[in-house]
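# Return a 3D structure for these sequence lines:
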Amino acid sequence: MPEISIRGRRMPESPIRKLAPYAEIAKKKGHKVYHLNIGQPDIKSPEIAIEAIKNIDLNIIEYGPSAGYESYRKKLAQFYINQSVILGYEDIMITTGGSEALLFALGSIMDPGDEVIIPEPFYANYSAFSEESSAKVVPVISNIESGFTLPTIEDFEKAITPKSKAILICNPNNPTGYLYSESEINQLGNLVKKHDLFLIADEVYREFIYNDRDKHFSVMNLKGIEQNVIMIDSVSKRYSMCGARIGCMVTKNKEVISTAMKFAQARLCPPTIAQIACEAAIDTPQSYFDEVISEYRSRRDTLITELQKIEGVVVTTPKAAFYCIAQLPVENTEDFCQWILEKYDLNGETVMMAPAAGFYSTPGVGLNQVRIAYVLNKEDLIRAVHILKEAIQVYNS
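Here you go, the predicted structure:
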């Protein structure tokens with residue numbers, strides 16, 4: 001039979017979803033599975049967005065503009081301006097989720113063999129997006145001992161070669177929950193200016209910051225490198241609207257926008273109905289976010305407190321997003337995470353987590369770590385960590 005492509009064979013599996021078949025088997029056995037593996041919030045989407053869908057009055061659900069509806073882009077531009085990120089609607093391209101925005105960005109700037117430098121651990125799909133763009137990921141390692149702070153600029157300098165084209169960061173960070181400071185972002189800005197690189201920032205978790213003294217600083221506010229900067233954003237987490245599949249690519253570089261438009265035209269347009277809901281969602285009252293942030297802060301504190309009770313577990317308190325990396329007292333978490341789904345339950349209940357090795361591209365790193373998403377209510381988090389504690393004892397015995 002014809003062979004699968006080399007690119008297809010190289011495409012990495014998602015560490016977030018690859019154990020899903022074992023979770024399904026556990027459920028068919030009648031077991032309850034606590035999903036700590038995926039960032040799917042259980043928070044209700046804003047009522048204003050739901051109402052917009054219910055009240056749609058269209059005779060034809062037609063194609064829209066490839067860059068997204070102008071009315072939505074204008075409203076989104078004002079949303080950013082209200083957050084002190086000054087830009088125009090012409091700087092925004094609406095995409096089918098933040099994932100497509102990243103694909104368009106990388107596809108527009110990377111040639112085969114070009115290198116993208118990424119602090120690791122990083123969102124696992126960055127490897128897949130880079131592979132699709134025929135780009136090579138060059139990792140710069142951060143570590144749990146430092147709380148996953150930005151690697152030193154010296155480390156970035158060592159990673160830069162004549163093939164380097166871009167630095168890609170996630171701020172706030174998935175999977176670590178780290179929030180890069182204004183100082184750290186400025187250091188990166190100086191570095192990309194020095195070496196004339198692109199700086200791509202995935203900022204989809206910008207609202208999820210839990211300490212009042214911490215503030216999100218967008219790469220769009222860097223001065224003097226406006227043509228080097230590309231921001232990625234999404235409604236998925238902000239409004240708990242993951243299934244809407246609406247994101248955006250933002251840049252003041254007109255050549256990047258016009259190049260990305262070629263990709264956008266090839267897929268015709270982002271979803272019409274979802275854009276209507278997302279445009280309405282921009283009017284979500286601040287009280288919604290206040291409640292959501294308060295809930296996630298409480299969940300974070302509950303999770304970290306419970307994890308720190310387990311002997312041998314190492315975890316730092318995340319500043320933002322709704323993930324943490326936990327180091328477990330096991331040799332290989334991929335084996336452990338499969339085992340806990342396939343062969344273990346506590347009174348008919350078990351836990352699903354994401355092995356963290358898939359969030360690194362350096363071989364052999366993160367083998368004893370997991371990413372945990374605290375998207376469950378506090379009672380379920382406490383129960384899930386209790387099951388994890390008991391499972392570790394059985395597994396190691």
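# what's the closest non-adjacent residue to the most centrally placed residue in the chain?
Centroid-nearest residue in the chain, with Cα atoms, centre = their mean: Asn174, separated by 4.8 Å. With Cβ to Cβ, 6 or more residues apart in numbering as the criterion, Asn174 has its nearest non-adjacent residue at 4.8 Å, and that residue is Tyr123. Yep, even glycine has a C-beta here, placed from its N, CA and C like the rest.
# The one you found: neighbour count?
Residues lying near Tyr123 (other Cβ atoms under 10 Å) number 24.
# repeat for Pro65
That count, for Pro65 with other Cβ under 10 Å as the rule, works out to 17.
# Quick check: pLDDT value at it.
In the predicted model, Pro65 carries a pLDDT score of 97.
# That one belongs to a helix?
No - Pro65: not assigned to a helix; according to DSSP: H, G, I helix; E, B strand; the rest coil it is coil.
# didn't it look like it was pressed against Cys269?
Yes - assessed by Cβ atoms under 8 Å, Pro65 is found in contact with Cys269 at 6.4 Å.
# can you point me to the longest helix in this protein?
Among the segments of the chain that qualify as a helix by DSSP state H, the longest is helix 286-307.
# Return the set of buried residues in it.
By neighbour count with 16 or more other Cβ atoms under 10 Å, helix 286-307 contains the buried residues 288, 292, 295-296, 299-300, 302-304, 306-307.
# Any chance you could list what contacts that helix?
For helix 286-307, contacts defined as Cβ atoms under 8 Å, 6 or more residues apart in numbering pick out 43, 46, 177, 207-210, 240, 313, 315, 317-318, 322, 324, 326, 372, 374-378, 381-382, 385-386.
# can you rerun that using 6 Å?
Applying Cβ atoms under 6 Å, 6 or more residues apart in numbering, the contact partners of helix 286-307 are 43, 46, 207, 210, 313, 315, 317, 322, 326, 374, 378, 381-382, 385.
# Which ones among the residues you listed lie within strands?
Among those, DSSP state E puts 315, 326 in strands.
# could you flag which of the contacts of helix 286-307 are buried?
Among these, those classed as buried by 16+ other Cβ under 10 Å are 46, 207, 210, 313, 315, 322, 326, 374, 381, 385.
# Relative to Ser183, how far out is the first one?
The reference is to Pro46. Pro46 sits 34 Å away from Ser183, going by Cβ to Cβ, to the nearest Å.
# what does the third one give?
Relative to Ser183, Tyr210 is positioned 20 Å away (Cβ to Cβ).
# for the second one, same thing?
Using Cβ to Cβ, we find Glu207 at a distance of 21 Å from Ser183.
# circling back: now the contacts of helix 286-307 as CSV including pLDDT and distance to Tyr395?
Shown next, in CSV, are these (pLDDT from 0 to 100; distance: Cβ to Cβ, whole Å):
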residue, pLDDT, distance to Tyr395
Ile43, 91, 32
Pro46, 97, 42
Glu207, 95, 37
Tyr210, 96, 32
Val313, 97, 13
Val315, 97, 18
Thr317, 96, 26
Phe322, 96, 26
Ala326, 98, 15
Tyr374, 96, 22
Lys378, 96, 25
Leu381, 97, 20
Ile382, 98, 20
Val385, 98, 15
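# If we ignore the residues flanking it in sequence, what's nearest Glu70?
Distances taken as Cβ to Cβ, 6+ apart put Tyr89 closest to Glu70, at 6.7 Å, once the chain neighbours are dropped.
# What are the boundaries of the helices in the stretch 1-150 of the chain?
Taking DSSP state H, counting those that start in this stretch to define them, one finds helices in the stretch 1-150 of the chain at 6-10, 20-28, 47-54, 70-82, 97-109, 125-132.
# what about the shortest one, distance to the chain center?
When you say that, I think you mean helix 6-10. With Cα atoms, centre = their mean, to the nearest Å as the basis, helix 6-10 stands 23 Å off its chain's centre.
# Low-confidence regions, the stretch 101-250 of the chain specifically.
Within the stretch 101-250 of the chain, no range satisfies pLDDT under 70.
# how about the strands of it, start to end?
115-120, 136-141, 164-170, 198-202, 229-234, 247-250 (DSSP state E, counting those that start in this stretch).
# I'd like those as TSV, with distance to Asn55 and mean neighbour count appended.
TSV is the format used below for the strands of the stretch 101-250 of the chain (distance: least, Cβ to Cβ, whole Å; neighbours: other Cβ atoms under 10 Å):
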stretch	distance to Asn55	mean neighbour count
strand 115-120	42	24
strand 136-141	44	18
strand 164-170	35	22
strand 198-202	32	25
strand 229-234	24	26
strand 247-250	24	26
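# Would you tell me which of the ones you listed gets closest to Ala264?
strand 247-250 (9.0 Å; Cβ to Cβ).
# Measure how the helix or strand just after that closest one sits relative to helix 97-109, angle-wise.
Counting by DSSP states H and E, the next helix or strand C-terminal to strand 247-250 is helix 254-266. Here helix 254-266 runs at an angle of 120 degrees relative to helix 97-109 (axes from the mean of the first three to the mean of the last three Cα atoms, to 10 degrees).
# Name the residues of helix 254-266 that are buried.
If you call a residue buried by 16+ other Cβ under 10 Å, then helix 254-266 has these buried ones: 256-257, 259-260, 263-264.
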